[in-house]
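S.K.: Test case, fold it:
(one chain, ligands or ions: 3)
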Amino acid sequence: MRNLSLLTDLYEYSMTNGFDAELPNTRATFDVFYRKVPDQGSFVIAAGLQQIVDQLAHFHFDESDLTYFRSLHLWRDAFIAHLANLTLDCHIHAVAEGTPVFPREPLITVEGPIAQAQMLETLILNILNHQSLIATKTRRMVFAAKGRPIMEFGARRAQGPDSAIYGARASVIGGAASTSNVLAAKLFNIPAAGTMAHSWIEAFPDELTAFRKWAALYPDNSALLVDTYDVLTSGVPNAITVFKELRAAGHQPVGIRIDSGDIATLARDARKLLDAAGFPETKITISNALDEAVITSLLDQGAPIDNFDIGEKLITSASAPVLSGVYKLAAIETDGHVIPKIKISDSREKVTIPGKKQVYRLYRKGTRKAFADVIAGSDETIADEIAVVDSNPLSVNRVHHLKNFDAEPILLDTPLVPAQIPNNVHTIYHYAQQRLAELPAATQRLINPDLYHVYMTTTLADLQHALINQL
Ligand SMILES: Nc1ncnc2c1ncn2[C@@H]1O[C@H](COP(=O)(O)OP(=O)(O)OP(=O)(O)O)[C@@H](O)[C@H]1O
Ligand SMILES: O=P(O)(O)OC[C@H]1O[C@H](OP(=O)(O)OP(=O)(O)O)[C@H](O)[C@@H]1O
Ligand SMILES: O=C(O)c1cccnc1
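M.R.: Ligands and ions are numbered 1, 2, ... in the order given. Below you'll find the predicted structure:
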């Protein structure tokens with residue numbers, strides 16, 4: 001594991017250098033949350049907690065870091081000396097990886113000495129924003145594919161090694177069945193999968209020879225790429241010839257991959273040729289700049305596709321490449337006295353919700369049908385009946401009285417001990433599936449999803465108003 005303690009913005013250290021001197025006995029609570037869901041969806045799948053905990057558990061500065069800090073001539077020697085002996089005294093509460101989360105609700109809260117908690121902003125956001133974005137994007141593609149497996153093929157088009165590796169991890173949390181990225185497969189125990197490139201076919205004198213050579217090497221894994229010359233007059237007929245030879249030798253042919261052209265038409269015509277030749281069980285896999293819109297369109301056209309291989313638009317979340325999670329001060333604490341803090345802005349969306357908080361998922365009583373989330377003060381009791389307002393500052397400030405629910409806190413005390421939090425991506429994926437199944441179907445659809453309510457208690461709303469008035 002690399003030490004990423006320096007992966008932060010300079011201003012974090014500039015502030016920390018000052019906090020260390022000015023507020024040495026002040027603790028702070030920061031909230032991590034986002035405001036806008038990518039792709040006009042209604043939720044984000046939280047991902048990346050394992051890597052955050054890995055980093056925080058090993059957070060330290062080595063001699064070369066300290067030498068570099070000194071060379072900048074920016075910060076006090078005493079501060080750099082404190083960094084040399086730093087033991088992180090921060091406590092985090094976080095939603096479990098795979099949890100669907102909604103705008104404005106804290107996904108992580110960090111509590112600790114202000115000089116330490118401030119330092120963690122950029123690293124936590126970097127990891128969480130990236131993996132949550134890719135898990136969320138993949139979930140959209142998986143949803144569109146309606147049960148057909150998706151293979152993650154994005155390494156070559158990812159924005160650098162980290163986004164390929166951790167993007168592959170996040171894609172599995174979002175529902176990808178496998179990855180072509182061997183390093184990610186090894187690191188995270190993801191099934192590694194793949195077919196062949198056009199170069200394999202071009203390298204041999206003709207397509208049939210290339211297919212035969214492949215089938216000889218991989219008789220039980222013979223997915224043949226059929227679009228190098230012409231899908232219907234060359235690729236599929238040659239594949240059928242090789243499938244017959246494989247079957248005669250006692251093997252089960254796998255299928256074909258189509259990577260260009262009008263995929264719906266080609267898949268339909270290829271299916272007819274394969275069926276007519278006696279290979280109805282062979283699979284048709286497709287690729288070529290796929291995303292959830294193309295997948296939906298292809299399935300609407302009735303294209304007989306069994307698997308989707310997806311690279312660039314998944315690994316870069318091309319249609320919505322940013323998740324703008326933020327890290328905002330919610331409270332400070334000196335001598336046991338907690339002071340809630342607020343950021344006021346002319347842009348109402350940017351006004352923060354002050355104070356230490358917990359998030360509750362509300363279910364209709366006696367069911368696992370979630371109907372709303374409520375942001376509450378961490379010291380509030382969520383009783384049988386609660387008064388809440390919409391947490392969206394742009395909505396009408398009407399009080400709702402909620403009752404007949406079961407409330408589950410979703411921000412969990414998360415020890416900074418990597419071995420104590422779930423890290424198996426398949427387990428996290430199944431957890432995500434369970435949590436998704438609790439949400440209303442209308443919230444999960446891709447186009448114009450129904451709004452899922454995120455309320456805050458009137459106690460929190462009153463605190464927010466009081467602080468705005470006071471300031
Ligand atoms: N029947 C179809 N309906 C909707 N989208 C399709 C259909 N067939 C292909 N596409 C998608 O249209 C986009 C462009 O396809 P096109 O065949 O023009 O590929 P290209 O990358 O421009 O060229 P090439 O075919 O040489 O790879 C791709 O995202 C592809 O997946
Ligand atoms: O389109 P994506 O979703 O990123 O899927 C991965 C792509 O990577 C390969 O293309 P390659 O790099 O060989 O180039 P190509 O586009 O010319 O096929 C493969 O043939 C897919 O088309
Ligand atoms: O295995 C494949 O077919 C593959 C892997 C990465 C990118 N394109 C294709």
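S.K.: Excluding chain neighbours, give the residue nearest to L299 in space.
M.R.: K146 (6.5 Å; CB to CB, 6 or more residues apart in numbering). Quick note: C-beta positions are derived from backbone N, CA and C, even for glycine.
S.K.: and D462, what helix or strand is that in?
M.R.: helix 458-470 (DSSP states H and E).
S.K.: and that helix, which residues are buried?
M.R.: T458, T459, L460, A461, L463, Q464, L467 (16 or more other CB atoms under 10 Å).
S.K.: still on that earlier bit, my guess is the residue nearest to L299 contacts L298. True?
M.R.: No - K146 is beyond contact range of L298, at 11.1 Å (criterion: CB atoms under 8 Å).
S.K.: More neighbours: those two, which one.
M.R.: Between K146 and L298, counting by other CB atoms under 10 Å, L298 is the more crowded of the two (21 against 9).
S.K.: what's near enough to touch the more buried one?
M.R.: I263, A264, A267, I286, I305 (CB atoms under 8 Å, 6 or more residues apart in numbering).
S.K.: ranking the residues you listed by neighbours, who comes first?
M.R.: Counting neighbours by other CB under 10 Å, the top entry in those is I286, with 27 neighbours.
S.K.: was I right about that residue contacting S260?
M.R.: No - using CB under 8 Å, I286 is not in contact with S260; the gap is 9.6 Å.
S.K.: Can you tell me the closest non-neighbouring residue to whichever residue of the stretch 151-300 of the chain sits closest to ligand 3?
M.R.: Nearest to ligand 3 in the stretch 151-300 of the chain, going by CB to the nearest ligand atom, is G194, at a distance of 2.7 Å. Distances taken as CB to CB, 6+ apart place S180 nearest to G194, at 4.6 Å, with adjacent residues excluded.
S.K.: Looking at the buried residues of helix 458-470, spot the one nearest I240.
M.R.: Nearest to I240 among the buried residues of helix 458-470: L460, at 65.8 Å, using CB to CB.
S.K.: which residues sit in contact with the closest residue to the closest one other than its chain neighbours?
M.R.: Nearest residue to L460, sequence neighbours excluded (CB to CB, 6+ apart): G377, at 5.6 Å. By CB under 8 Å, 6+ apart, G377 lies in contact with G355, K356, K357, Q358, T457, T459, L460, L463.
S.K.: rewinding a little: among the contacts of L298, which are in strands?
M.R.: By the criterion of DSSP state E, membership of these in strands covers I286.
S.K.: can you name the two of the contacts of L298 that are farthest apart?
M.R.: Once CB to CB is applied, the contacts of L298 give A264 and I286 as the farthest pair, at 9.4 Å.
S.K.: shared neighbours of these two, anything?
M.R.: Between them, A264 and I286 share these contacting residues under CB under 8 Å, 6+ apart: L298, A303.
S.K.: could you dump the contacts of L298 to CSV with distance to ligand 2 and pLDDT?
M.R.: Shown next, in CSV, are these (distance: CB to the nearest ligand atom, whole Å; pLDDT from 0 to 100):
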residue, distance to ligand 2, pLDDT
I263, 11, 98
A264, 17, 98
A267, 15, 98
I286, 9, 98
I305, 14, 98
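S.K.: May I see the contacts of L298 organised as a markdown table, with distance to ligand 3 added?
M.R.: Formatted as a markdown table, the contacts of L298 follow (distance: CB to the nearest ligand atom, whole Å):
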| residue | distance to ligand 3 |
| --- | --- |
| I263 | 15 |
| A264 | 20 |
| A267 | 16 |
| I286 | 11 |
| I305 | 15 |
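S.K.: Give me the pLDDT value at the spatially most central residue of the chain.
M.R.: For the chain, the residue nearest the mean C-alpha position is S132 (2.2 Å; CA atoms, centre = their mean). pLDDT recorded at S132 is 99.
S.K.: follow-up on the earlier one: show me the subset of the contacts of G377 that also lies near ligand 2.
M.R.: Among those, no residue is within reach of ligand 2 (CB under 6 Å from any ligand atom).
S.K.: can you list contacts of stretch 149-156?
M.R.: Residues contacting stretch 149-156 (CB under 8 Å, 6+ apart): 138, 141-142, 164, 167-168, 171-172, 175-181, 184, 193-194, 285, 287, 306-312, 314-316.
S.K.: list the buried ones in it?
M.R.: P149, I150, M151, E152, F153, G154, A155.
S.K.: Could you list everything the fourth one pairs with in the sheet?
M.R.: Looking back up the chat, that one is E152. T179, I310 (DSSP bridges).
S.K.: and the helix or strand harbouring Q433, what does it pack onto?
M.R.: Counting by DSSP H and E, the element that carries Q433 is helix 425-437. On a contact count with 3 or more CB pairs under 8 Å, 6 or more residues apart in numbering; DSSP states H and E, helix 425-437 meets strand 100-101, helix 121-145, helix 161-174.
S.K.: Same list (these) but as TSV, adding distance to ligand 3.
M.R.: As requested, the helices and strands packed on helix 425-437 are arranged in TSV below (distance: least, CB to the nearest ligand atom, whole Å):
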stretch	distance to ligand 3
strand 100-101	29
helix 121-145	16
helix 161-174	11
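S.K.: Quick check: chain neighbours aside, which residue is closest to G154?
M.R.: I315 (2.7 Å).
S.K.: cool, T457 as well?
M.R.: A376 (4.6 Å).
S.K.: Next, give phi and psi for that neighbour.
M.R.: With angles defined as degrees, to the nearest 10, A376 sits at phi -130, psi 160.
S.K.: Test for you: state the pLDDT assigned to Y229.
M.R.: So, for Y229, pLDDT stands at 98.
S.K.: In PDB, list the C-alpha atoms belonging to whichever strand or helix holds I339.
M.R.: Of the helices and strands defined by DSSP H and E, I339 is found in strand 337-340. What follows is strand 337-340, C-alpha atoms only, in PDB (Å, rounded to 0.1, in the frame of the first residue of the first chain):
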ATOM      1  CA  HIS A 337     -18.400  22.400  24.800                       C
ATOM      2  CA  VAL A 338     -19.700  21.800  21.300                       C
ATOM      3  CA  ILE A 339     -20.300  24.800  19.000                       C
ATOM      4  CA  PRO A 340     -22.300  24.000  15.800                       C
END
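S.K.: which strands and helices sit next to it?
M.R.: Using 3+ CB pairs under 8 Å, 6+ apart: strand 337-340 touches strand 326-334.
S.K.: Would you mark the buried spots in the strand it packs on?
M.R.: Those would be V326, Y327, K328, L329, A330, A331, I332, E333, for strand 326-334 by 16+ other CB under 10 Å.
S.K.: ok, the third one touching P354?
M.R.: Pointing back at K328 there. No - using CB under 8 Å, K328 is not in contact with P354; the gap is 9.6 Å.
S.K.: Would you check that K36 makes contact with R104?
M.R.: No - under the criterion of CB under 8 Å, K36 makes no contact with R104, lying 10.0 Å away.
S.K.: Fine, thanks again, bye for now.
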